[in-house]
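A.B. asks: starting from these lines, generate the structure:
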Amino acid sequence: MAAGAVLIVLDWRIALISWGTFIIILVLTRLVSLGSVIGTALFPPALLVLNIGGIPEFVAIALCALLLIVRHEANIRRLIKGEEPKFSFKKRSAAARE
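C.D. replies: Got it, this is the predicted structure:
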């Protein structure tokens, strides 16, 4: 969430690209973490494509994106194993949570 706020401050177009990608991935796969990682990975390329800032800005955004992806390490491991839980609006029963 905080990264999304930073994106709006940086440039609304990058936020739109990142959030749009997140939503598309979420709708197609129901995997929040996959949408987050892919949306985050698009920060630096979007910066280049939109020609925003220079080298210092690109390096800062690339490092932030890398940090966010590294923080999703556990999720990425579960994604690779096929064990990442899928998003659902349905309430799980107490037995399903245990």
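A.B. asks: give me the element residue 57 is part of.
C.D. replies: Using DSSP states H and E, residue 57 maps to helix 55-71.
A.B. asks: check the gap between the nearest residue to residue 15 once chain neighbours are set aside and residue 17 for me.
C.D. replies: If you skip the residues right next to it in sequence, residue 15 has residue 7 as its closest partner in space, 3.8 Å away by C-beta to C-beta, 6 or more residues apart in numbering. The C-beta positions use only the backbone N, C-alpha and C, and glycine is treated the same way. Going from residue 7 to residue 17 by C-beta to C-beta, to the nearest Å gives 9 Å.
A.B. asks: circling back: with only the CA atoms kept, save the helix holding residue 57 in CSV.
C.D. replies: In CSV, the C-alpha atoms belonging to helix 55-71 read as follows (Å, rounded to 0.1, in the frame of the first residue of the first chain):
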residue,chain,number,x,y,z
ILE,A,55,19.7,7.9,-13.8
PRO,A,56,19.5,8.8,-10.0
GLU,A,57,15.7,8.4,-10.1
PHE,A,58,15.9,5.2,-12.1
VAL,A,59,18.5,3.7,-9.6
ALA,A,60,16.3,4.7,-6.6
ILE,A,61,13.2,3.2,-8.1
ALA,A,62,15.0,0.0,-9.2
LEU,A,63,16.4,-0.4,-5.7
CYS,A,64,13.0,0.2,-4.1
ALA,A,65,11.4,-2.4,-6.5
LEU,A,66,14.2,-4.9,-5.7
LEU,A,67,13.6,-4.4,-2.0
LEU,A,68,9.9,-4.9,-2.4
ILE,A,69,10.4,-8.1,-4.4
VAL,A,70,13.0,-9.4,-1.9
ARG,A,71,10.4,-8.8,0.9
